[in-house]
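Colleague: Predicted model, plus sequence, below.
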Amino acid sequence: MKKLRGHTGSVKCGRTRSDLFESLHDDLVISILCKLSSTASSPSEFFAILITCKRLKKLGVHPLVLSQSCSKVFAVRAKNWCNEAHQFLKLCVHAGNKEAYYTLGMIRFYCLQNRVNGASLLAKAAMKSYAPALYSLALIQFNGSGGLKNEKDLCAGVALCLRAAFLGHIDAIRELGHCFQDGYGVRKNIPEGRRLLVQANARELASVLHGFKSPSFPSSLAWKFYNRRQPPVVPSKSIRAPSQSDFDFELFSDYGFNVITREMHPVNKFMVEWFGSKDGKLGQGLRMCSYEGCGRPETRRNEFRRCSGCGKANYCSRGCQAHDWRVRHKVECAPMEEWMGHANDGVEEDAMNGENVVMDDQTVQNEQG
């Protein structure tokens, strides 16, 4: 209770006012902060509340609040990476936040090149049934990331991918479908592989349709129908070169219509920025995954498989290849004859066929037709 002062500065006896915020119980404030941290759209939205007063700053780092924080609270930019950001992620890890396990694990494994600790954090997120962590560990096993080529464990990769697919991870379902089709780490079963690829496409379409129902989704970005084989229209007198937007080859173009691409996970944005800056230079001969929404780099030479259509694009997974094929690579892939001279370089690599991905993704359309 505080005494009120008049305009002259004198104390008015007998009159007091109540500080309602100070009267709130800590449990109620923590509950509100938990809701805020789980729904914040950016780090600044969360931290702007914490710097309001000492009490909010203290309760804002309560383990219960940090354990509920969503991935967007950890969406730090690579250029802003500092010890304070690292310490905040560690606090969230100690609170048991699976998003923090995954984010810090990916940053340490790929960016800071602390393979053992990064893999350990990813494993802890996977133990909490976090599907992206399970899928990332599957790719590490498939590619033998952080080790030698003969250290690949295809059976472990399939098992991790199967668990992520069971939790509904679309790229894991697609990867598992190709594993069954190709007999990669599992007994070959083409019908089962085709079924999984159809399921991946169906889930992908359903997730976009669900996004259209959201009140926050811009109506102007809803459905955009195009002629799927219509060439880009560029004025003859224009001196501007065609851009990617001219071609309108977006996700789901194989279904005859276009929608916006999926949102990148904050840690993938971080890795793209990190390796695009001067602080994140790749080692000699190492390549990035060609899908712009991935950000994974090679940990050894010739770790990633390359497109067998052009030999120029490199992918860490079938999922990244499928997304990049429909978003960008479909209009850039050149005939194989143009790079046949580079095929006999003495390096044994696994082949990836971009056209096969397109045929697989057209299964739903063919059955509907």
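Modeller: Cool, the structure landed. Numbering: from 1, shown residues only.
Colleague: so what's A313 up against?
Modeller: Applying CB atoms under 8 Å, 6 or more residues apart in numbering to A313 gives the contacts 290, 306-307, 321, 324, 329, 332-333, 354. Quick note: C-beta positions are derived from backbone N, CA and C, even for glycine.
Colleague: Ok, I190 next?
Modeller: Residues near I190 by CB under 8 Å, 6+ apart: 180-181.
Colleague: What values do phi and psi take at it?
Modeller: phi -60, psi -50 (degrees, to the nearest 10).
Colleague: per-residue pLDDT, it?
Modeller: With respect to pLDDT, I190 scores 94.
Colleague: where's it relative to L196, distance?
Modeller: Counting by CB to CB, to the nearest Å, the gap between I190 and L196 amounts to 11 Å.
Colleague: what secondary structure does the residue nearest to R301 when sequence neighbours are not counted sit in?
Modeller: Closest residue to R301 apart from its sequence neighbours, by CB to CB, 6 or more residues apart in numbering: G285 at 4.5 Å. Using DSSP: H, G, I helix; E, B strand; the rest coil, the structure places G285 in coil.
Colleague: and G285, what pLDDT?
Modeller: In this model, G285 is scored at 85, pLDDT.
Colleague: about what we covered before: so which of the contacts of A313 wins on neighbours?
Modeller: Greatest neighbour count in the contacts of A313, by other CB atoms under 10 Å, goes to Q321: 28 neighbours.
Colleague: Just the element for it, please.
Modeller: For Q321, the enclosing helix or strand under DSSP states H and E is helix 318-327.
Colleague: rewinding a little: so how far is F275 from the residue nearest to R301?
Modeller: As judged by CB to CB, G285 and F275 stand 15 Å apart.
Colleague: Compare neighbour counts for the two and give me the winner.
Modeller: Neighbours were counted for G285 and for F275 using other CB under 10 Å; F275 has more, 19 against 9.
Colleague: element containing that one, please.
Modeller: helix 266-276.
Colleague: per-residue confidence averaged over the next helix-or-strand element following that helix?
Modeller: Using DSSP H and E, the helix or strand that follows helix 266-276 in sequence is strand 305-307. Regarding strand 305-307, the rounded mean pLDDT is 87.
Colleague: hmm, who's touching the helix or strand just after strand 305-307?
Modeller: Toward the C-terminus, strand 305-307 is succeeded by strand 314-315 as the next helix or strand (DSSP H and E). Strand 314-315 is touched from outside by 287-291, 298, 304-307, 321, 324, 352, with contacts defined as CB under 8 Å, 6+ apart.
Colleague: run the last query once more with 6 Å
Modeller: For strand 314-315, the surrounding residues in contact (CB atoms under 6 Å, 6 or more residues apart in numbering) are 287, 289-290, 304, 306, 321.
Colleague: in the stretch 51-200 of the chain, which segments are predicted with low confidence?
Modeller: Nowhere does the stretch 51-200 of the chain drop to pLDDT under 70.
Colleague: For the residue nearest the centre of the chain, give me its contacts.
Modeller: Geometric centre of the chain, nearest residue: H265, 3.3 Å, by CA atoms, centre = their mean. For H265, the contact set (CB under 6 Å, 6+ apart) is empty.
Colleague: per-residue confidence for it?
Modeller: 90.
Colleague: go on, the one 5 residues further on?
Modeller: What the model reports as pLDDT for F270 is 93.
Colleague: again, but for the one 5 residues further on
Modeller: At F275, the pLDDT value in this model is 91.
Colleague: still on that earlier bit, pretty sure the residue nearest to R301 sits against N302.
Modeller: No: counting by CB atoms under 6 Å, G285 stays clear of N302, with 8.2 Å between them.
Colleague: All the strands of the stretch 151-300 of the chain, residue numbers only.
Modeller: Counting by DSSP state E, counting those that start in this stretch, the stretch 151-300 of the chain has these strands, from start to end: 224-225, 257-258.
Colleague: lowest-confidence stretch among those?
Modeller: Among the strands of the stretch 151-300 of the chain, strand 224-225 scores lowest, with a mean of 40.
Colleague: And the strands in the stretch 1-150 of the chain?
Modeller: Under the criterion DSSP E, counting those that start in this stretch, the stretch 1-150 of the chain contains strands at 2-5, 11-17.
Colleague: can you list the residues that contact stretch 29-36?
Modeller: With CB under 6 Å, 6+ apart as the contact definition, stretch 29-36 has outside contacts at 59-60, 62, 64-65, 68.
Colleague: again, only using 7 Å
Modeller: Stretch 29-36 has contacts (CB atoms under 7 Å, 6 or more residues apart in numbering) with 46, 49, 59-60, 62, 64-65, 68.
Colleague: What of stretch 84-104?
Modeller: 61, 63, 66-67, 69-71, 74, 76, 121-122, 124-125, 128, 130, 132-133, 266-267.
Colleague: Just the buried ones among those residues, please.
Modeller: By neighbour count, with 16 or more other CB atoms under 10 Å, the contacts of stretch 84-104 hold 66-67, 69-71, 74, 76, 121-122, 124-125, 130, 132-133, 266-267 as buried.
Colleague: Neighbours of K79, how many?
Modeller: 10.
Colleague: D26 now?
Modeller: Using other CB under 10 Å, D26 has 11 other residues around it.
Colleague: wait, what's in contact with it?
Modeller: For D26, the contacting residues are L59, by CB under 7 Å, 6+ apart.
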